[in-house]
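Asker: Based on what follows, work out the 3D shape:
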Amino acid sequence: MQEVFQHVLLIVTLALVAPTSSLDLQDRGFKVTQSTDGSSLEVMFDGLTIMHHDREHPAISVGSGVTTFKETYGNFLITDTILQKVDLVNVEVAQKGKDKHVLTFSARKGAYKTEVTLSYDDKKGLDHVITLSSLPKGVNRTWVRLYAEREEHVYGGGEQFSHFDLRGHSFPMWVREQGVGRQKWDLITHVVDQAHGGGGGDYHTTYWPQPTVVSSRRYFCHFTTTNYMVMDFGHPDHHEIQVWGDPGQIVLDSGHDFSDVSKKLSGVLGRQPPLPEWVYDGAILGVQGGTETVLEHLQQAEKNGVKVSALWIQDWVGKLYTYLGKRLYWDWAWDESQYPGLDNVIKEYKSKGVRFLAYINPHFIVEGPMFKEANLKGYLITNSSGQSYLQDFGGFYCGTVDLTNLEAYQWFKGVMKRNMVDLGFSGWMADFGEYLATDMVYHSGESAETVHNLYPVLWARLNREVVEEAGKLDEITIWMRAGYSGSENYTLLAWAGDQTVDTRIHDGLASVIPAALSLAVSGFGLHHYDIGGYITLPTIYRTEEVLLRYAEAAVFTPVMRTHEGNRPDDSWQVFSSADTLRQFGRLTRMYVYLAGYTKQLVRENSILGIPVQRPLFFHYPDDPRAFTEQYQYMYGPDLLVAPVYHEEVDTWDAYLPGETEEWVHLWTGVSYSGGQVISVSAPVGEPPVFYRAASTWANVFRKIPTEFPRLLDVTPPTSRWGLLWHLRVTAVLLAVVVGSFLACSCVLYRNKKSKTS
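Answerer: Model prediction:
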């Protein structure tokens, strides 16, 4: 009954949503004001200053540069040399009208001219558009300066893991691996950088960059180009955007509040359909090892009270053994020896309420029959010699399907329909989309630099079409990590990618919070992550505590899904002990209990484009601190979530926004006034969560502590897996020290012997 009421309430809300902002219609659009001497100019949009130009601070610059890209395992080292930058200091209003303004910018001596058109593009369904055209010959760089206020906050940029507020930093827009560690002062980052050509990453590296920003002044600005660009928010009075090649268009719109801004942005970029109903029946359990093994894991989980909606078996294609260990065999067909009887098992367990999910990516291992067929038909991306471009993926080589080739696109779509949909899978991880080197040659004839950021969008579109053409959009879900502008219109569900299995700020549990929020502000509202993280290294290990901290936060996201990690045998799993399973089971039951509330948020995202996980300022725009919190979020309008992202703590500080709001601590029922930081008890299994006392869902939230009482405390990590790992790490470090000592001793001995001789 509660869910029916909330659905009716949502419909009524939609009917009442104002079609325009609070501005009068006559105030909408562009307004251009130029000084009497012509030396300065101001462009306003919906009453907001967007551009300020004078001869000392030009709004437009053009120039040229030379760039080198070096790709290693999806990581890119990018070097740019600026050969020339010319400020266009003069401006002339060439045309001024109600729906269109044309500005001509030129250099002092008139050698360089560029036209900037401010217009309403009704045919493309866009609101207000800035177009740069008539670029001078030889120019391959354009700089656009947008006006900024000193106290302004800027968000978006796609999925950003380190900084939610972009002010004070520069962000390259280039799809790539996010890296390991992601901070240059981190030893892990340094080591991985040396081993994998920049594989440690940096604060800005991400699978899903996007040239979309939302200002605290309540407007958005979106660049349509797929070319490489750098968004620099490090200046107090302006934002400088450098675009390589064709700058495309700049789309703007504003709103009376941030939900209105989000609605308009998603109207431009696209919205995601609701998730299938079965998703809310429990956790998606990431398991592998063959038919018998995964069913044993399912039985073990259900015996300990775990609600399971699906089994995700990424090794359905079989295993490959390399020098790096066990990998998947990237030939996208059912391995019947690994999973005997899988077709019948999928049907049987679907009738029992448990789905099966798979894994795929756009690469083909060279030893497989699928590569041979694609290679013969010319369906793979090629090198400059016309041969299929092969890349090393860590112990094996692959070709990549050319999605700019319509025949290849349709062929791969057919493969996925036959081998995945027809087999009965209810979804899959559509991985990768970042490993596109800049010396690749595409069937379309477009440059590799232009296609690079576009490729994950094509990959998302292909997956979406597979589902839609099968008529199963309400039954199949697909999650992806790579994206760019336009992915919003095709991707069904985002996941945060490969976090480390620990609590480091820029690459562990904490990083998935700003990732979800930045992507939400950028226009994509359905986000989740690998419970437990993914990356395990000799000095990075997953403890039971970290696993459960990941899991308890996932209760308050659209999807709960576990991952065994890149080294399953060396990571604590949900099925590593009965106690872990019981703790995890309680969390999955809580997730199922909240399904009615979550479904309402997902519907709102689908219909209005308002994300499920939201920044605090979406609902508390008059609270200054709400604009600076990046490790807390609103789960819809009624729940405030402040995940614990450090180990071995049992209390946590949380900021409660809104001075007039009354918040209730979920676990104790104690009420607090908004506008303050409070410290609450936060043992494993009881993350800091608060609900609005005035919420229509208050009765549902109030029952959670009694319906799902906390189980016995989890055994301290140092007495379980943590102790084993500490011993192993100690052994590794000792071996390194001893090895280094012996190597130095050998060098000294040889030098001494050489001198003696």
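Asker: Geometrically speaking, which residue is the centre of this protein?
Answerer: Glu159 (4.1 Å; C-alpha atoms, centre = their mean).
Asker: is it true that that one touches Val521?
Answerer: No - under the criterion of C-beta atoms under 8 Å, Glu159 is not in contact with Val521, lying 10.3 Å apart. In this view, the C-beta of every residue, glycine as well, is placed from N, C-alpha and C.
Asker: Spit out the residues that contact these two alike.
Answerer: Counting by C-beta atoms under 8 Å, 6 or more residues apart in numbering, Glu159 and Val521 have no shared contacts at all.
Asker: List the buried residues of stretch 334-350.
Answerer: Under the neighbour-count criterion of 16 or more other C-beta atoms under 10 Å, stretch 334-350 has 334-335, 338-339, 342, 345-346, 349 buried.
Asker: End to end on stretch 36-45, go ahead and measure it.
Answerer: Across stretch 36-45, the terminal residues are separated by 21 Å (C-alpha to C-alpha, to the nearest Å).
Asker: Buried residues in that stretch, which are they?
Answerer: 40-45.
Asker: check contacts around the residue nearest to the centre of the chain.
Answerer: Counting by C-beta under 8 Å, 6+ apart, Glu159 touches 206-210, 483, 494, 496, 515, 518-519, 522.
Asker: ok, the residues you listed vs Tyr397, which is closest?
Answerer: Taking C-beta to C-beta as the measure, Tyr397 lies nearest Tyr207 of these, at 22.4 Å.
Asker: Do I have it right that that closest one meets Phe432?
Answerer: No - using C-beta under 8 Å, Tyr207 makes no contact with Phe432, being 9.2 Å away.
Asker: Those two - which one has more neighbours?
Answerer: Tyr207 (27 against 24; other C-beta atoms under 10 Å).
Asker: Could you report the neighbour count for Tyr541?
Answerer: Residues lying near Tyr541 (other C-beta under 10 Å) number 24.
Asker: Same question for Thr660.
Answerer: 9.
Asker: That one: what secondary structure?
Answerer: Assigned with DSSP: H, G, I helix; E, B strand; the rest coil, Thr660 falls in the coil class.
Asker: now swap in Lys372 and tell me
Answerer: Going by three-state DSSP: Lys372 is helix.
Asker: cool, the one 3 residues further on as well?
Answerer: Secondary structure state of Asn375, per three-state DSSP, is helix.
Asker: Nearest residue to it in space, please, no chain neighbours.
Answerer: Distances taken as C-beta to C-beta, 6 or more residues apart in numbering place Ser388 nearest to Asn375, at 5.0 Å, with adjacent residues excluded.
Asker: ditto for Ile250
Answerer: Excluding its sequence neighbours, the residue lying closest to Ile250 (C-beta to C-beta, 6+ apart) is Ile130, at 4.0 Å.
Asker: Bridged to that neighbour, which residues?
Answerer: Here Ile130 sits in beta bridges with Leu118, Ile250, going by DSSP bridges.
Asker: ok, now Gln95?
Answerer: Here Gln95, judged by DSSP bridges, has bridge partners Val102.
Asker: what about it, distance to Val129?
Answerer: 15 Å (C-beta to C-beta, to the nearest Å).
Asker: that older thread, anything in contact with each of Tyr207 and Phe432?
Answerer: Common neighbours of Tyr207 and Phe432 (C-beta under 8 Å, 6+ apart) are Ala482.
Asker: And stretch 41-59, end to end?
Answerer: For stretch 41-59, the end-to-end distance is 9 Å (C-alpha to C-alpha).
Asker: State the mean pLDDT of that stretch.
Answerer: Averaging pLDDT along stretch 41-59 yields 96.
Asker: hmm, who's touching that stretch?
Answerer: With C-beta under 8 Å, 6+ apart, stretch 41-59 has contacts from 21, 23, 27-35, 39-40, 60, 87-91, 93, 103, 105, 118, 128, 144-147, 217, 219, 221, 237-238, 252-254.
Asker: Apply 6 Å and report the result again.
Answerer: Applying C-beta atoms under 6 Å, 6 or more residues apart in numbering, the contact partners of stretch 41-59 are 23, 27-28, 30-34, 39-40, 87-89, 91, 145, 147, 217, 219, 252, 254.
Asker: among the contacts of Glu159, who's most crowded?
Answerer: Thr206 (34 neighbours).
Asker: Next up, the contacts around Gln288.
Answerer: 313-315.
Asker: More neighbours: Gln95 and Val129, which one.
Answerer: Shown here are Gln95 and Val129; by other C-beta under 10 Å, Val129 has more neighbours (19 against 12).
Asker: Could you measure from that one over to Pro274?
Answerer: As for Val129, its distance to Pro274 is 31 Å (criterion: C-beta to C-beta).
Asker: Same question for Phe164.
Answerer: According to C-beta to C-beta, Phe164 and Pro274 sit 26 Å apart.
Asker: Looking at the two, which is more packed in?
Answerer: Phe164 (25 against 19).
Asker: Please settle this for me: is the more buried one part of a strand?
Answerer: No - according to three-state DSSP, the state of Phe164 is coil, so it is not within a strand.
Asker: Quick check: it touching Gln630?
Answerer: Yes - in this structure, Phe164 is within contact of Gln630 by C-beta atoms under 6 Å, at 3.6 Å.
Asker: any common contacting residues for these two?
Answerer: Common neighbours of Phe164 and Gln630 (C-beta under 6 Å, 6+ apart) are Pro514.
Asker: hang on, the earlier thing: near the residue nearest to Ile250, how many other residues are there?
Answerer: 24.
Asker: Next up, the contacts around Thr205.
Answerer: 176, 178-179.
Asker: at 8 Å what do you get?
Answerer: With C-beta under 8 Å, 6+ apart, Thr205 has these contacts: 75, 176-179, 182.
Asker: now Ile365
Answerer: Ile365 is in contact with 320, 329-331, 371, 396-398, counting by C-beta under 8 Å, 6+ apart.
Asker: Name the nearest of the residues you listed relative to Asp638.
Answerer: Trp330 (43.7 Å).
Asker: Below-threshold pLDDT in this protein: ranges please.
Answerer: 1-27, 121-127, 324, 713-757 (pLDDT under 70).
Asker: Phe364: what's it in contact with?
Answerer: Applying C-beta under 8 Å, 6+ apart, the residues near Phe364 are 330-332, 370-371, 374, 380, 398-401.
Asker: Recalculate using a threshold of 6 Å.
Answerer: Contacts of Phe364 by C-beta under 6 Å, 6+ apart are 370-371, 374, 398-399.
Asker: Could you find the closest non-adjacent residue to it?
Answerer: Phe371 (3.8 Å).
Asker: now swap in Ile513 and tell me
Answerer: Per C-beta to C-beta, 6+ apart, closest to Ile513 is Tyr631, 5.1 Å.
Asker: Phe364 pairs with what?
Answerer: Phe364 has these beta-bridge partners by DSSP bridges: Gly399.
Asker: Please apply the same query to Ser170.
Answerer: With DSSP bridges as the criterion, Ser170 is bridged to Asp232.
Asker: how close does it get to Glu240?
Answerer: 9 Å.
Asker: same deal with Leu537?
Answerer: Distance from Leu537 to Glu240, by C-beta to C-beta: 37 Å.
Asker: got it, and Leu403?
Answerer: 33 Å.
Asker: Which residue of those two possesses the greater neighbour count?
Answerer: The neighbour count for Leu403 versus Glu240, taken as other C-beta under 10 Å, is higher for Leu403 (25 against 17).
Asker: Surely the more buried one forms part of a strand?
Answerer: No - counting by three-state DSSP, Leu403 is not found in a strand; it is coil.
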